[in-house]
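Q: coordinates only, no sequence provided:
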């Protein structure tokens, strides 16, 4: 993006924007003094990035976000960023280190976290100054993002009012095995503004379901949407 932006204003760049550009060819990070800077690419406010990542489960954006967090802590690679993230979650959020294990920024592969760790994080986030932006970035049940299509619950008149009242991030991990395809995990984690006006933090997780294809995964989404709507109605 930076190369394309430079070229758009007539600056010659001796590198292709969509080619392999080996890191080892770059000069040392500190080799350019401030007075030699000719351009700077400024991104959107991070709240906008977070909204894109969370609404549609944009995994590349999530991985990039972790790397950007690492840069704020003085590290510049995924491994070290995971270390500082872990220390942050343990020290500043009080989440026990044996209740989660992350392998990247997107929750991919064999990332794990207990229900307690996730709900504690959600509760702690609700008390942070950034919470309004965090809440606005979540997919909304029956409305947008990765929950836009989750509408089966609306066929029950007692549950239809949950539309727009549940905001939750989705997570899906499908794995091929010798015996077939397994939905290792499908999860929702977020917040419900209940029918009685309560504010709930919650998580739903389905593990180890044998599936035959995408339609089975979609059905799990619909079931979780119905459970979320029941929580909205009955609390």
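A: Right, received. Where do you want to start? Keep in mind that what you see is a predicted model, and the values were worked out from it rather than measured.

Q: list the buried ones in the helix or strand residue 119 falls within?
A: Using DSSP states H and E, residue 119 maps to helix 115-125. Going by neighbour count (16 or more other Cβ atoms under 10 Å), the buried part of helix 115-125 is 117, 118, 119, 120, 121, 122, 124. All C-beta spots, glycine's among them, are computed from the backbone N, C-alpha and C.

Q: so what touches stretch 224-235?
A: 141-142, 147, 150-153, 156, 158-162, 165-166, 168, 186, 188, 192-196, 198, 200, 202, 204, 206 (Cβ atoms under 8 Å, 6 or more residues apart in numbering).

Q: pull out the buried members of those residues.
A: In these, the ones that pass as buried (16+ other Cβ under 10 Å) are 141-142, 147, 150, 152-153, 159, 162, 165-166, 168, 186, 188, 192-195, 200, 202, 204, 206.

Q: now intersect these with the strands, please.
A: Counting by DSSP state E, the part of these found in strands is 166, 168, 186, 188, 192, 193, 200, 202, 204, 206.

Q: hang on, the earlier thing: can you redo the buried residues of helix 115-125 as JSON lines with distance to residue 221?
A: Formatted as JSON lines, these follow (distance: Cβ to Cβ, whole Å):
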{"residue": "117", "distance to residue 221": "23"}
{"residue": "118", "distance to residue 221": "18"}
{"residue": "119", "distance to residue 221": "20"}
{"residue": "120", "distance to residue 221": "25"}
{"residue": "121", "distance to residue 221": "22"}
{"residue": "122", "distance to residue 221": "20"}
{"residue": "124", "distance to residue 221": "27"}
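
Q: just curious, which of those is nearest to residue 220?
A: Using Cβ to Cβ, residue 118 is the member of the buried residues of helix 115-125 that lies nearest residue 220, at 17.8 Å.

Q: pull the contacting residues for that closest one.
A: Residue 118 touches 189, 203, counting by Cβ under 8 Å, 6+ apart.

Q: quick one: pLDDT of it?
A: Note for residue 118: predicted pLDDT of 96.

Q: where's it relative to residue 93, distance?
A: To residue 93, residue 118 is 11 Å away according to Cβ to Cβ, to the nearest Å.

Q: again with residue 192
A: According to Cβ to Cβ, residue 192 and residue 93 sit 21 Å apart.

Q: ok so, going back, from the ones in strands among the buried ones among the contacts of stretch 224-235, which is closest to residue 24?
A: residue 186 (40.7 Å).

Q: I'd say the closest one and residue 218 touch.
A: No: using Cβ atoms under 8 Å, residue 186 is not in contact with residue 218; the gap is 10.2 Å.

Q: for the chain, which helix is longest?
A: If you go by DSSP state H, the chain has its longest helix at helix 214-234.

Q: circling back: tell me the gap between the helix holding residue 119 and the middle of its chain.
A: Offset of helix 115-125 from its chain centre (Cα atoms, centre = their mean, to the nearest Å): 14 Å.

Q: break the chain into its domains for me.
A: Domain ranges of the chain: 2-36, 138-235, per automatic domain parsing.

Q: pick the most buried one from those.
A: Of the domains of the chain, the one with the most neighbours on average (mean count of other Cβ atoms under 10 Å) is domain 138-235, at a mean of 17.

Q: what's the first-to-last distance across that domain?
A: 21 Å (Cα to Cα, to the nearest Å).

Q: state the mean pLDDT of it.
A: On average, domain 138-235 scores 96.

Q: which of the residues in the host helix or strand of residue 91 are buried?
A: Assigned by DSSP H and E, residue 91 belongs to helix 78-93. Using 16+ other Cβ under 10 Å as the test for burial, helix 78-93 gives 81, 82, 84, 85, 89.
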